[in-house]
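**Student:** quick one, fold the following:
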Amino acid sequence: MYSDGQPPHILVVNDSPAILDLKREIFEEEGFRLTTRITHETGLKEIVSFAPDLVILGYGLEGESALLHQLRTNSRTKHLPVVLCTGAVRQTEVNKPELEALGVAVVYKPFDIDHLVHVVRSALGLGVASDESTPPQPQ
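**Tutor:** Model prediction:
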């Protein structure tokens with residue numbers, strides 16, 4: 001729970017309805033409030049209107065990269081925690097210095113559910129169970 005007594009609100013943006021359904025199941029089970037949106041139907045204005053506490057964004061498509069840039073250059077969203085969930089390991093590794101400078105966390109697909117939850121909880125500044133394992137690294 002956040003200080004306002006509400007569970008954190010996560011916005012998940014991805015191009016796959018199956019991935020959106022999976023993440024909805026994962027994070028609602030963890031007690032988070034969740035909104036899901038298809039990548040090409042989601043813009044900065046809509047994200048601002050949702051007022052999420054964190055955005056989980058797919059990464060690899062042009063639209064997703066542009067949306068990340070918009071999030072980081074807009075005064076209302078530049079400090080919003082963002083977690084990229086991507087299978088585009090090579091592209092992400094090339095852009096790693098920029099992503100780190102933007103304060104963006106990265107989780108590679110296929111992802112371990114516990115690791116994804118751990119990264120999200122950490123990005124939100126929530127306590128994390130001490131028995132969680134070391135996050136998997138890209139291969």
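**Student:** now the helix or strand containing V12, how far from the chain's geometric center?
**Tutor:** Element membership for V12, per DSSP states H and E: strand 9-14. Strand 9-14 has its C-alpha centroid displaced from the chain centroid by 7 Å (Cα atoms, centre = their mean, to the nearest Å).
**Student:** do you know how far P81 is from I10?
**Tutor:** 10 Å (Cβ to Cβ, to the nearest Å). The C-beta positions use only the backbone N, C-alpha and C, and glycine is treated the same way.
**Student:** neighbour count winner among these two?
**Tutor:** I10 (26 against 20; other Cβ atoms under 10 Å).
**Student:** show me what that one is bridged to.
**Tutor:** Beta-bridge partners recorded for I10 (DSSP bridges): L34, L54.
**Student:** tell me who's in contact with it.
**Tutor:** Applying Cβ atoms under 8 Å, 6 or more residues apart in numbering, we find I10 in contact with F27, F32, R33, L34, T35, P52, D53, L54, V55, I56, V120.
**Student:** okay, which residue is most central for the protein?
**Tutor:** The residue lying closest to the centre of the chain (Cα atoms, centre = their mean) is I56, at 1.9 Å.
**Student:** what's in contact with the particular helix or strand that has that one in it?
**Tutor:** For I56, the host element (DSSP H and E) is strand 54-58. Strand 54-58 is contacted from outside by 8-16, 19, 23, 39, 47, 64, 67-68, 71, 80-86, 120, 123-124, using Cβ under 8 Å, 6+ apart.
**Student:** those in helices, which ones?
**Tutor:** I19, K23, I47, E64, L67, L68, L71, V120, A123 (DSSP state H).
**Student:** can you put these in CSV and add distance to V107?
**Tutor:** As requested, the ones in helices among the contacts of strand 54-58 are exported to CSV (distance: Cβ to Cβ, whole Å):
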residue, distance to V107
I19, 12
K23, 11
I47, 19
E64, 14
L67, 17
L68, 14
L71, 17
V120, 9
A123, 10
